[in-house]
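S.K.: Give me the fold of what follows.
(2 chains)
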Amino acid sequence: MRHEKTPLPMIAVHSLTGCAGELLVILENLDKLLPYVQVVSFPFAQSKNEMRPVDIAFVEGSVSQTHDLEKLQQIRNNCRWLVAVGNCAVWGCVQAGCAKTSPQEMLKAAYGQDINFDALPATAIDKYVPVDVKLSGCPINATQFLSVTASLLKDHLPYITKKPVCLECKLRENGCVLIEKDLPCLGPVTAGGCGALCPTFGAACYGCWGPSEDPQMEAMSVILEEKGYAMDEVLGRLSAFGAPKELFSRSSNFQNRKSE
Amino acid sequence: MTDEEKIIEIPEICRVEGHSAVKVNIQDNQVIDVALDVFEGTRFFEQLVVNHHYEEIPHITSRVCAICSTGHVVAAAFAIENILNIQVSEQTHLLRELMHLGMIIESHATHIYALALPDFIGAVDLLDFAGNHVKEFTAWTQLRKLGAAIQTTIGGRPFHPINLHVGGLSSIPTAEALSQLLIELKQNEANAFNTCELLSGFIPKTKASATPNYLALLPEASGYGFFGSTIISSAGWQDSIQNYQEYLTEVSVPYSHAKRSTSKGQPIMVGAMSRLHHFSKRLTPAAKQFYESSPLSKGDTNTIWNNLAQAIEIVEAIERSKNIIEKLLTEPSELGRDCHIRRTEGKAGKAVGAVECPRGTLYHYYEIDEAGKIQKADMITPSAQNSHRIEADIREVVNSSISGDEANIQSNLETLVRAYDPCNTCATHMVSVHYKQV
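M.R.: Predicted coordinates for the structure are as follows:
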């Protein structure tokens, strides 16, 4: 038996605040990993879990409360490679991208004046701890997940593409839903990795992989406005899945210039 | 010992979606207090959607929960189409229903096998489950793959669908893809039957619970189904979902991030057991046969049977999916046609949409303005509706076994809570009991 001679590398799968989607993807692909790793902690899937040093810790979800933050710091102290899995962990996803007010104001609106739960503004995990690999997607792509894990098990950091969705769309020879159908497709500013899923189905990309490398937000805003989408809707769409605020400086400058 | 205070505490329940803990206070052999603390981080979806255009809503609400994402998408689409007075084609409606059945199969299979079954067969972890219970592990793998295949064919991926929108689908699956699903559905019938037989054989460790107030959506057509616009209660009334605020009250509790629902002051139970209680007569023959030989048909309301109820629903979902695909394939006039969805402008209003998710009725309520933007939203999830009843159930189980073995009580409690399949969208698994003299 292999693991009696050489111990298998150890992994842990943790979850902060999110929809548990990445846990499902990992769970559904675990049979492919089980011959090569020992699962030390995966509370979603098994009863016996330990917080102890592991080779790879996968973390899904955003930091949205002190409990998440404490857990994240414990995880970081107990792993060699920390992999942020999914849009929540990498960008903060909708709970960050669609939030308009402070958590305290949202708490009062949701639960009433008397309730004061602990809530932090939802953020990506690299705001608080160093992250070795960022695996975006909402949900992540199983093939990307397996290849990233294989790389780390071989001791080297993986390459993850951040080229825009358009590239994958062209490779699939799809018609352009933005140009031909006037749909508000965010493919030109969104990182690929999904295989251009939405445009392949004839729908507009809504940005669930987070921004691509060097996203041209200003050009994107201009095109969508030309297509008849109001600027506030354009900005809402661009930021919904957690694209960071600094990317919008040019779009908002543009908006200000226009209104002058 | 007199005046002994005992606290049973399960700091984090594993093998459930999300994060929750149970605390039970016992004094003088009586349960004083039960608290189900859902400490999943708050996400404020009702506020996140405000000011977003209605077209974006299904993509955002999908993220409330991965495993029920299809339910959140469909409920949102129903509500918004209701406001905008959009009538979708029969084909769209059937494809949505097929997609929803895929979610039911995948979610129920994962709950039964990966989350609940280890309680019954004593598997300690996944490796143990995969290595030592090969037959069960394979059945789970095949059933969840079937559910995922249905959702991928219709929605584009196993969850967080990209092909379902307000007003219709962005593309229609081909006849070949649907025929392939039909083959996979037939191949999985034996797995579904075996799952029912497996779960029928278990003997519950805890006593039957008091009969709950069962709430479920009255299926829209004559069959068993998961879509509808009228709620029916075992307390003897029914009402339109548009009036949900009249029969459903949500309150905040200081110890949990999940709100508590009551119906006319009473705890309620939603989900597979509730649906079977109301609509077992509408099941297709295979599912009906399993129901009729089950303890459920004899009026046994022990919550542990929720797992069996889910297994019966998998049989039903497979039969219904086959019927839908056969209908789509024999009446293919629309199949394969591009169906580009256009915006509907200039109509403000408010409405509710609801679906029966794996765990029970899910409500989405929206108010939109003339620009098509969300002004107000309310979402009531099945787990929030069940949480009050879970606490009542815990109280009953602990009271009835209070002099029993501590370890047993705790393991029974976890099994009980898990039977509800609460989705609180786990950390160190710890169960601790504290004794202290008062």
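S.K.: Now do the contacts for B:His108.
M.R.: Counting by CB atoms under 8 Å, 6 or more residues apart in numbering or on different chains, B:His108 touches B:Ala272, B:Gln310, B:Ala311, B:Glu313, B:Ile314, B:Ala317, B:Pro358. Every residue, glycine included, has its C-beta placed from N, CA and C.
S.K.: all helices of the stretch 1-150 of chain A, in order?
M.R.: Listed in chain order, the helices of the stretch 1-150 of chain A (DSSP state H, counting those that start in this stretch) span A:2-5, A:21-33, A:66-77, A:86-91, A:93-97, A:103-111, A:142-153.
S.K.: The longest one near chain B at all?
M.R.: Yes: counting by CB under 8 Å from any CB of the partner chain, chain B is contacted by helix A:21-33 at A:Gly21, A:Leu23, A:Leu24, A:Leu27, A:Glu28, A:Leu30, A:Asp31.
S.K.: Can you give me the pLDDT of residue 257?
M.R.: Went with chain A since none was named. Note on A:Arg257: pLDDT of 57.
S.K.: oops, I was thinking of chain B
M.R.: In this prediction, B:His257 carries a pLDDT score of 66.
S.K.: what does A:Val59 give?
M.R.: In this prediction, A:Val59 carries a pLDDT score of 98.
S.K.: show me the contacts for the closest residue to chain A within the stretch 201-350 of chain B.
M.R.: Per CB to the nearest CB, B:Ser252 is where the stretch 201-350 of chain B lies closest to chain A, at 4.2 Å. The contact partners of B:Ser252, by CB under 8 Å, 6+ apart, come to A:Tyr111, A:Gly112, A:Asp114, A:Ile115, B:Lys259, B:Arg260.
S.K.: Please apply the same query to B:Tyr247.
M.R.: Contact analysis of B:Tyr247 by CB under 8 Å, 6+ apart lists B:Ile231, B:Ser233, B:Trp237, B:Asp239, B:Ser263, B:Lys264.
S.K.: Contacts only, for the fourth one.
M.R.: Going back to what we said before, that points to B:Asp239. Applying CB under 8 Å, 6+ apart, we find B:Asp239 in contact with B:Thr230, B:Ile231, B:Glu246, B:Tyr247.
S.K.: bridging residues for it?
M.R.: B:Ile231 (DSSP bridges).
S.K.: Could you give the number of residues near residue 226?
M.R.: Here I'm looking at chain A. By other CB atoms under 10 Å in any protein chain shown, the residues close to A:Glu226 number 9.
S.K.: The intended chain is chain B.
M.R.: As a burial measure, B:Phe226 scores 27 neighbours (other CB under 10 Å).
S.K.: And the helix or strand harbouring B:Ala130, what does it pack against?
M.R.: Assessed by DSSP states H and E, B:Ala130 sits inside helix B:126-132. In terms of contacts (3 or more CB pairs under 8 Å, 6 or more residues apart in numbering or on different chains; DSSP states H and E), helix B:126-132 is packed against helix B:134-155.
S.K.: Could you report the separation of the residue nearest the centre of chain B from B:Ile380?
M.R.: Among the residues of chain B, the one closest to the centroid is B:Arg359, at 1.9 Å (CA atoms, centre = their mean). Noted for B:Arg359: a distance of 12 Å to B:Ile380, by CB to CB, to the nearest Å.
S.K.: same question, B:Ile60
M.R.: Using CB to CB, one gets 17 Å for the distance from B:Ile60 to B:Ile380.
S.K.: next one: B:Ala114
M.R.: Taking CB to CB, one finds B:Ala114 at 27 Å from B:Ile380.
S.K.: And residue 107, what's its pLDDT?
M.R.: No chain in the question, so chain A it is. pLDDT, A:Leu107: 80.
S.K.: that's the wrong chain, I wanted chain B
M.R.: With respect to pLDDT, B:Ser107 scores 92.
S.K.: I'd guessed it sits against B:Cys65; true?
M.R.: No: shown here, B:Ser107 and B:Cys65 do not form a contact pair, counting by CB atoms under 8 Å, at 9.7 Å.
S.K.: who touches B:Leu296 in this structure?
M.R.: B:Met273, B:Leu276, B:His277, B:Ser280, B:Trp305, B:Leu308, B:Ala309, B:Ile312.
S.K.: how about low-confidence regions in the stretch 1-150 of chain A?
M.R.: For the stretch 1-150 of chain A, the stretches flagged by pLDDT under 70 are A:1-5.
S.K.: can you rerun that using 50?
M.R.: A:1-2 (pLDDT under 50).
S.K.: which one of the contacts of B:Leu296 has the most neighbours?
M.R.: Comparing the contacts of B:Leu296 by number of neighbours (other CB under 10 Å), B:Ile312 comes first, having 31 neighbours.
S.K.: Looks to me like it is in a helix.
M.R.: Yes: counting by DSSP: H, G, I helix; E, B strand; the rest coil, B:Ile312 is found in a helix.
S.K.: Which residues are in contact with it?
M.R.: B:Cys196, B:Ala272, B:Leu276, B:Leu283, B:Ala287, B:Phe290, B:Tyr291, B:Ser294, B:Leu296.
S.K.: check contacts around residue 61.
M.R.: I'll assume chain A. Listed by CB under 8 Å, 6+ apart, the contact set of A:Gly61 reads A:Ser15, A:Leu16, A:Thr17, A:Gly18, A:Glu22, A:Asp68, A:Gly86, A:Cys88, A:Ala89, B:Gly41.
S.K.: wrong one, chain B
M.R.: Here B:Thr61 is in contact with B:Phe45, B:Val49, B:His72, B:Val73, B:Ala75, B:Ala76, B:His364, B:Met379 (CB under 8 Å, 6+ apart).
S.K.: that older thread, between the residues of helix A:21-33 next to chain B, which is nearest B:Gly225?
M.R.: Distance to B:Gly225, by CB to CB, is smallest for A:Leu24 among the residues of helix A:21-33 next to chain B, at 25.2 Å.
S.K.: What are the boundaries of the strands in the stretch 151-300 of chain B?
M.R.: Secondary structure of the stretch 151-300 of chain B (DSSP state E, counting those that start in this stretch): strands located at B:164-165, B:168-169, B:213-218, B:230-233, B:238-240, B:249-251, B:260-262, B:268-269.
S.K.: Close to chain B: what parts of the stretch 51-200 of chain A are there?
M.R.: Within the stretch 51-200 of chain A, the positions adjacent to chain B are A:51, A:61-62, A:64-65, A:67-68, A:71, A:93-95, A:98-101, A:103, A:106-107, A:109-112, A:114-115, A:117, A:119, A:122, A:138-139, A:181, A:197-198, A:200 by CB under 8 Å from any CB.
S.K.: For those residues, which ChimeraX command selects only the ones that are buried?
M.R.: Here is the ChimeraX selection string for the buried members of these, based on 16 or more other CB atoms under 10 Å in any protein chain shown:
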select /A:51,61,62,64,65,67,68,71,93,94,95,98,99,103,106,107,110,111,117,119,122,138,139,181,197,198,200
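S.K.: What is the burial count for the residue in the stretch 151-260 of chain A positioned nearest to chain B?
M.R.: Residue nearest to chain B within the stretch 151-260 of chain A: A:Ala203 (3.8 Å; CB to the nearest CB). Residues lying near A:Ala203 (other CB under 10 Å) number 25.
S.K.: Work out for me the element it sits within.
M.R.: For A:Ala203, there is no host helix or strand (DSSP H and E).
S.K.: correct me, but it touches A:Lys181?
M.R.: No: here A:Ala203 does not reach A:Lys181: they are 9.4 Å apart, not a contact under CB under 8 Å.
S.K.: From B:Val134, how far out is A:Ile177?
M.R.: Actually, residue A:177 is Val. It isn't Ile. 45 Å.
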